[in-house]
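S.K.: give me coordinates for this.
(2 chains)
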Amino acid sequence: MPFSPKLPVPSSTRPWGLSKEHRISLNGIDFIPDLSGALFAPEFKALLIADLHLEKASNMARRGVHLPPYDTRASLMQLEAVIAQSRPEQLIFLGDSFHDDGARERIAEADLARLRALAESAATIWITGNHDPHPPTDIGGRIADHVVLGGVTLRHEPKFLDADEFEISGHLHPGSAVSQRGKRIHCKCFIADSRRLIMPAFGSFTGGLSISAPPFRALYVERNFHVWMLSRRAIYKFPGKRVS
Amino acid sequence: MKGESALLISPTGGGKTLAGFLPSLVELSEAHERNGIHTLYISPLKALAVDIARNLEAPVLEMALPVTIETRTGDTPHSRRKRQRENPPDILITTPEQVSLLIADPGAAHMLRHLKSIILDELHSLVTSKRGVLLSLALSRVQSFAPEARRIGLSATVADPEALQSWLAPTGNRPVPLVMGSAGAAPLIRILKSAERVPWSGHSSRYAIEEVYEEISRAKMTLIFVNTRSQAELAFQWLWEANEAHLPIALHHGSLDVGQRRKVEAAMAEGKLKAVVCTSTLDLGIDWGDVDLVIHMGAPKGSSRLLQRIGRSNHRLDSPSEALLVPSNRFEVLECEAALQAAKENAQDTEYPAVLKLDVLAQHILGRACAGPFDGHEFFAEVTRAWTYRNLTRADFDAAMDYVATGGYALRAYEKYAKLKRREDGLWRLTHPLIAQQYRLNMGTIVEAAMLKVRIASVKRRAGKRFVTGGRSLGELEEWFLSQLSIGDTFRFAGEVLRFEGLDEFGALATRTFDSDPMVPSYEGGKFPLSTYLAERVREILSSPAKWKTLPFQVQDWLAMQREKSVIPRAHQMLVETFPRAEKHYLVCYPFAGRLAQQTLGMLLTRRLERWGAQPLGFSASEYALVIWTVRDLSLMISSGRLSLEKLFDEDMLGDDLEAWLAESNLMKRTFRNAAIIAGLIERRWPGKEKTGRQVTVNSDLIYDVLRSHQPDHILLRAAWDDAADGLIDIHRLGSLLKRIKGQLLHRALDTVSPLAVPALLEIARESIYGEAHDALLAEASGALIDEAMGLV
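M.R.: Residues are numbered from 1 along each chain as shown, chains lettered A, B, ... in the order given. Got it, this is the predicted structure:
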């Protein structure tokens, strides 16, 4: 029987458009994963973004690696589109929004103006990350170590959880792979069990760390989790045992 | 050829290597001052360089000539390089990459100022790749140190000697003279007339293995060429299964451990082997012994490739080489027939030399800067003296310079982090000495898939736990292949069936098994695309039943059936058949344009069919045919005038449709990655070294996406496009196909599949793609899982 795939009806369509099909629930609260890598909490009208890594290219340029200096612009354009679609009242960045503390100095004027407009469009919180322990203070919004949203803690690095704790974090840039018909398909992904959700990195020059890598093994027991893989046109959900 | 540049063409075995050295030896035989390199000999293979040195030392010693000979390859230790710099030998034997490294050294001018001769061996194999392009730039530089040095090119027979003569010209405008060696006796070539049934499709010649084995038994020593590594592994295994007499039969391909390969080569040279199954790794090289038969399993894909491989046998000019072609399917029978006729006429179909690659130029610019400060105008003049860059515009040169200096971005963000800067004296300089070190690690134009070592492991059990420790290395395999294995999976490698035991920090571990059927196949199609020239001949044979007489009866029957059930197209026509089958509708066409061009055609046609409402479901491209299957009845769409084939195959598909597809094409991304590595934008991955250096890598796909949407005219995107057009998506060939078939479509609406279409349909199960298929595959994977969960399966 020849392989004749019917193109799936995408559950959400790149570049933006929140999934109508997929819901990730923590502590009774629904979170909607977006194909861009953002996460939306409709109850709170909150949009969550992890690991933007703004000005990563210019950071590398200092070492003579001249990657295209358009990564910040590309990330911001993507973010603007998600915001236009979801109209959040709260905008929460889960850390590593800036690739390093020098990013503020290097960011282009036009991009800075864009970023300011974004931060003004909603109540904005910058959670600190290991890359940006001191996010710029002149962009708008508040700076926080962590945020609690409906009993779910939002922080940069995943922590060991107490029995009654729920958490959404970033930091690890999860990515997973599925093998089908001898082809292996890698994508960024959301990974979650009933208590812990880790978001993919949003930034345009950020990659993925395999969910089989040691850090994930320490955070999830066995493979009792699901991943939501971000492909080109749609999000696909798989149980942890099916992916690597 | 005294003191003059020349191109020396002769079939392999004409002793041309020694002829190249003769003038140098004559000049050096007279007492001379040792004041730099006299002769630079450049070979495409490291192993060949070492052998040449050995072969040359013998007569020099015998005649007691006062000549020093040394080699310089990737393996040459640092101390010896240093000594070579201080006290250069008369003759330096080296590889193209080493020449580029040599001229990036500030001391190069001193070492090369008295250079008299440059000998380029196996030039035909170098000029068609980026290696050759980089070498041509390096030679231009060398010639600036030693304007008088002659260039002697040694080559096998090529389709277009004039191009090579021009390539060699030291100033890029006056082709060097051509010296033709004697052609020798014409080879005796046969096609295996198997008593067995020739398969309809596939790339395996298993049906003929008994007959091949008999041929091996009769000959003194046989070289068995196949097109891919996995075919080599299979053929080797089958031969051993048939090997009742325990003949010494060995295996040789590029992934095997170097030590293992050298052992096989040595055994051949000593005449200890009866046969060697090999890939293109043995295409080049010096005499490997008394080979008296060359067997080609699978079609040779090109006439020149076949002739060169046949030339591997019988290095004596007076007696003919003997070769046997073993087609692996029915279309290949036609292809072998075409190749045989072409070889009899000594017709050549080598590719035209590669020219003007912007990524290679960028690498050369950085190398130039490593050698010391330079003037931009002088350097431009030097670059354009290379025939390969004679058409380089100053604007493109400046763009390449700008790219090397600051990345070449319209948004001038990196001026302060520049690698090159022009100082007050007008000269360009490196901004930091570390950049030269980086260049040395990353230079070269061969970009390989990431490979991992495969080692034989021993397994011990202690306290119920398995302890796996690695031992001897068997060779290297692609990382993508190994990463899809689970522990316990079996696969075929290095002539054995192995069980995967996991990865450690050095690579993959495996144990031997006694399975004969591995679980994980490593299927690859033919590696080389069918040459345009052979394709033309195949179409001709197909179109004229008078020429079928020499074909095996089964193949004659097959073609006769086609004539009866459908139609045999004329040579200038392209047949398009449409028919229903198993609730789907098929379109099969026969462009004979090679897999790559037809794959691109398939992508573009399915886009159009989708737009025009035919609801395509998938397609599959082989070397000869393209199959597309749809939901809608194509025959009806055509007869009712809702679908025009002329419009479907119109050249305008190379406009917007191509552009839209390329935007997300993985092939384009792969090509971009290669250009980005060659141009130094991203660093090479050195297996094992990733952990030590603080290497920062960003996935090249992400770079491609961002660059494409923000600066589509960037020099690297242009370089990648240029490569893809020739290479992976083969636009040039597709373009000339579309031009050729304009008004020459022959359509047949059939009730069922035609005989000619059967092989193409059989290929479908093997591999097929729709678009880039990632979404489709993921949907399928998640769907299959739901079915399982719901108990539907």
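S.K.: quick check: residues of the stretch 251-400 of chain B near chain A?
M.R.: If contact is defined as C-beta under 8 Å from any C-beta of the partner chain, none of the residues of the stretch 251-400 of chain B are in contact with chain A. The C-beta positions use only the backbone N, C-alpha and C, and glycine is treated the same way.
S.K.: residue in the stretch 251-400 of chain B nearest to chain A?
M.R.: As assessed by C-beta to the nearest C-beta, chain A sits closest to B:L366 within the stretch 251-400 of chain B, at 10.6 Å.
S.K.: ok, B:E162 - how many residues close by?
M.R.: Counted by other C-beta atoms under 10 Å in any protein chain shown, the residues lying close to B:E162 total 11.
S.K.: so who does the residue nearest to it when sequence neighbours are not counted touch?
M.R.: Nearest in space to B:E162, with sequence neighbours left out and distances taken as C-beta to C-beta, 6 or more residues apart in numbering or on different chains, is B:P175 at 6.2 Å. The contact partners of B:P175, by C-beta atoms under 8 Å, 6 or more residues apart in numbering or on different chains, come to B:E162, B:Q165, B:S166, B:L168, B:A169.
S.K.: cool, and B:I678?
M.R.: Here B:I678 is in contact with B:K130, B:K357, B:D359, B:V360, B:A362, B:Q363, B:G444, B:T445, B:V447 (C-beta under 8 Å, 6+ apart).
S.K.: pLDDT check: weakest of these?
M.R.: Least confident entry in those, by pLDDT: B:V447, with 77.
S.K.: and that residue, how close does it get to chain A?
M.R.: Between B:V447 and chain A the distance, using C-beta to the nearest C-beta, to the nearest Å, works out to 18 Å.
S.K.: which ones are touching the residue nearest to that residue when sequence neighbours are not counted?
M.R.: Computed as C-beta to C-beta, 6+ apart, the closest residue to B:V447 that is not its neighbour in sequence is B:N674, at 4.5 Å. Each residue near B:N674 by C-beta under 8 Å, 6+ apart is listed here: B:D359, B:V447, B:A720, B:D723.
S.K.: could you do B:V133 as well?
M.R.: B:V133 is in contact with B:A354, B:V355, B:L356, B:K357, B:V360, B:T388, B:T445, counting by C-beta under 8 Å, 6+ apart.
S.K.: ok, so of those, who is nearest B:G311?
M.R.: Among these, B:A354 lies closest to B:G311 (C-beta to C-beta), at 23.2 Å.
S.K.: partner strands of the longest strand along chain A and their direction?
M.R.: Secondary structure of chain A per DSSP state E: the longest strand is strand A:183-192. Its sheet considered, strand A:183-192 pairs with strand A:174-180 (antiparallel), strand A:196-198 (antiparallel), strand A:226-230 (antiparallel) by DSSP bridges.
S.K.: export those to JSON lines and tack on mean pLDDT, mean neighbour count and distance to A:E80?
M.R.: Formatted as JSON lines, the strands paired with strand A:183-192 follow (pLDDT from 0 to 100; neighbours: other C-beta atoms under 10 Å in any protein chain shown; distance: least, C-beta to C-beta, whole Å):
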{"stretch": "strand A:174-180", "mean pLDDT": "86", "mean neighbour count": "22", "distance to A:E80": "24"}
{"stretch": "strand A:196-198", "mean pLDDT": "98", "mean neighbour count": "25", "distance to A:E80": "24"}
{"stretch": "strand A:226-230", "mean pLDDT": "95", "mean neighbour count": "25", "distance to A:E80": "19"}
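S.K.: closest to B:A663 out of these?
M.R.: Of all these, it is strand A:226-230 that lies closest to B:A663, at 18.1 Å by C-beta to C-beta.
S.K.: quick one: buried residues of the helix or strand following that closest one?
M.R.: Once the chain leaves strand A:226-230, the next helix or strand it forms, by DSSP states H and E, is strand A:235-239. Neighbour counts over strand A:235-239 (16 or more other C-beta atoms under 10 Å in any protein chain shown) mark A:I235, A:Y236, A:K237, A:F238 as buried.
S.K.: and what of stretch B:178-188?
M.R.: Quick answer for stretch B:178-188 (16+ other C-beta under 10 Å): B:L178, B:G181, B:G184, B:P187.
S.K.: and if you look at stretch B:240-248?
M.R.: By 16+ other C-beta under 10 Å, the buried positions in stretch B:240-248 come out as B:A242, B:N243, B:L247.
S.K.: same check, this time on stretch B:474-481
M.R.: Neighbour counts over stretch B:474-481 (16+ other C-beta under 10 Å) mark B:L474, B:G475, B:E476, B:L477, B:E479, B:F481 as buried.
S.K.: equivalent analysis for stretch B:423-432, please.
M.R.: Within stretch B:423-432, the residues that qualify as buried by neighbour count (16+ other C-beta under 10 Å) are B:W428, B:L430.
S.K.: distance between the ends of that stretch?
M.R.: The straight-line separation of the ends of stretch B:423-432 (C-alpha to C-alpha, to the nearest Å) is 14 Å.
S.K.: let me see the mean pLDDT of that stretch.
M.R.: Here the average pLDDT along stretch B:423-432 is 95.
S.K.: stretch B:387-403 too?
M.R.: 97.
S.K.: could you dump it to PDB, C-alpha only?
M.R.: C-alpha atoms of stretch B:387-403 as PDB (Å, rounded to 0.1, in the frame of the first residue of the first chain):
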ATOM      1  CA  TRP B 387      39.700  30.800 -15.300                       C
ATOM      2  CA  THR B 388      37.000  29.700 -12.900                       C
ATOM      3  CA  TYR B 389      36.500  33.300 -11.800                       C
ATOM      4  CA  ARG B 390      37.100  35.100 -15.100                       C
ATOM      5  CA  ASN B 391      33.500  36.300 -15.100                       C
ATOM      6  CA  LEU B 392      33.500  37.500 -11.500                       C
ATOM      7  CA  THR B 393      32.200  41.100 -11.200                       C
ATOM      8  CA  ARG B 394      33.900  43.600  -9.000                       C
ATOM      9  CA  ALA B 395      30.500  44.100  -7.300                       C
ATOM     10  CA  ASP B 396      30.400  40.400  -6.300                       C
ATOM     11  CA  PHE B 397      34.000  40.400  -5.200                       C
ATOM     12  CA  ASP B 398      33.300  43.400  -3.000                       C
ATOM     13  CA  ALA B 399      30.200  41.600  -1.600                       C
ATOM     14  CA  ALA B 400      32.300  38.600  -0.800                       C
ATOM     15  CA  MET B 401      34.900  40.800   0.900                       C
ATOM     16  CA  ASP B 402      32.100  42.600   2.900                       C
ATOM     17  CA  TYR B 403      30.700  39.200   3.900                       C
END
